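> Any chance you could fold what I've pasted below:
(one chain, ligands or ions: 1)
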Amino acid sequence: MTEATTVDVIVVGGGPAGIQAAIECANRDASVVLVERFALGGELINIDAMTGVPGQAGIAGAEYAAILSDALFQTPVRMELEDVTEIARAGTGWKVGTRGSAFNGNALIVCSGARPENLPARGEAGIDPFRGNGISTCAPCDAPLYRAKTVAVAGGGDTGVEAALALTAAGARVVLFERSSQLTAQGPLLRTLASVAGVEVRCNTAVIDVGGEGSVSEVLVQTIDGTHTAAVGGVVLAVGLRPNSDLLKGVVDLDQRGAVLVNASLAASEANLYAAGDVRSGSSFRCVGALGDGTVAGAAALVAIS
Ligand SMILES: Cc1cc2nc3c(=O)[nH]c(=O)nc-3n(C[C@H](O)[C@H](O)[C@H](O)COP(=O)(O)OP(=O)(O)OC[C@H]3O[C@@H](n4cnc5c(N)ncnc54)[C@H](O)[C@@H]3O)c2cc1C
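All right, here's what the predicted structure looks like:
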């Protein structure tokens, strides 16, 4: 059994919220461990050109993630590249476990973000049988695979329109399905979309399932007239986000989506546990919002344990 390392604050997740929370705590002289399972930057590393970051318009998400990571490396925060598999109470603080390590913290700030939502008719297996075989949740990463193919994009918000643009830039034809009567993406994205060729928009049409032998060859869509199929060479999912809060079920209160319920200080329902960024209820789903959350949660956590 590994002996637990004890720190003032444990941060789970190294996206913008987690990086900023860790920096905030370290700058106030707290000992901090940040546990990230994949790479610093979180969702940022999948963004082609960022919007909504003052002074950084159009910056590649990976480049901005490197700027944030550099700021983190200027602090004494201890970084652990591991998947958190357990979160539990330990006295008045919290214990966080991974396969190889355990950490005890007087406070815990959960910044684990969110993942793409499943399709409604996919059931428990979800999209896994088709993952890597025609289903993508990251258009900028996978767009080159779809060159000269017809690709369905499910969802006409910011993420869906950004996906459509990345796919057409890579030479794919795109059918963009949106369940409501109009696309919901921001104006600048819609204007860019209107200026490119190769995107067909179908509103009032929800993608509910995918089909194919081994790899995706069709989507099942629902319209006011009933369900229909459309032949495609792949599907990009952009139908919403599900919070990465599975480890917190039964630990703190979650809302109907599974997001962590927090107060104005981003404190969850149990003492000394905070949630920041896309994992929390009421998130702005924007990078700057996640950074702000990190600051608020970090400062509040230190007040609580001082
Ligand atoms: C395609 C796309 C385009 C976007 N474009 C923009 C944009 O232009 N401008 C903008 O402001 N915002 C944009 N966003 C939104 C922005 O990326 C997010 O709001 C922001 O990244 C949320 O930050 P976060 O730290 O809460 O979560 P995330 O960035 O999701 O980071 C969460 C981190 O937690 C880690 N993690 C999760 N579970 C565990 C675990 N059990 N153990 C260890 N680590 C774990 C993950 O690996 C991840 O690194 C975009 C998002 C997407 C998907």
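> Tell me the residue of the stretch 151-300 of the chain that sits nearest the ligand?
With Cβ to the nearest ligand atom, the shortest gap between the stretch 151-300 of the chain and the ligand falls at Gly277, namely 2.0 Å. (Each C-beta comes from the backbone N, C-alpha and C, glycine too.)
> Kindly report the residues of the stretch 201-306 of the chain close to the ligand.
Proximity of the stretch 201-306 of the chain to the ligand, by Cβ under 6 Å from any ligand atom, involves residues 244, 277-278, 285-288, 290.
> Centre-most residue in the protein?
Nearest residue to the geometric centre of the chain (Cα atoms, centre = their mean): Ala114, 3.7 Å.
> OK, contacts around the residue of the stretch 51-200 of the chain found nearest the ligand?
The nearest approach of the stretch 51-200 of the chain to the ligand comes at Gly113, 2.2 Å away (Cβ to the nearest ligand atom). By Cβ atoms under 8 Å, 6 or more residues apart in numbering, the contact list for Gly113 reads 13, 15, 17, 42-43, 243-244, 277-279.
> and the closest residue to it other than its chain neighbours, what does it touch?
Excluding the flanking residues, the one nearest Gly113 by Cβ to Cβ, 6 or more residues apart in numbering is Asp278, at 4.7 Å. Listed by Cβ under 8 Å, 6+ apart, the contact partners of Asp278 are 15, 17, 43, 113-114, 241, 243, 285, 290.
> among those residues, which ones are buried?
Restricting the contacts of Asp278 to buried positions leaves 15, 17, 43, 113-114, 241, 243, 290, with burial counted as 16 or more other Cβ atoms under 10 Å.
> Let me know the pLDDT of Val175.
Looking at Val175, its pLDDT is 98.
> Quick one, which of the buried ones among the contacts of Asp278 has the minimum pLDDT?
Minimum pLDDT across those falls on Leu241, with 90.
> Quote the end-to-end distance of stretch 129-148.
24 Å (Cα to Cα, to the nearest Å).
> chain center to that stretch: distance?
Offset of stretch 129-148 from its chain centre (Cα atoms, centre = their mean, to the nearest Å): 17 Å.
> Leaving aside the residues adjacent along the chain, what's closest to Glu24?
Gly298 (3.0 Å).
> That neighbour: how many residues sit nearby?
A total of 29 residues lie near Gly298 under the criterion other Cβ atoms under 10 Å.
> was I right about it contacting Cys25?
Yes: between Gly298 and Cys25 a contact is recorded at 4.6 Å, counting by Cβ atoms under 8 Å.
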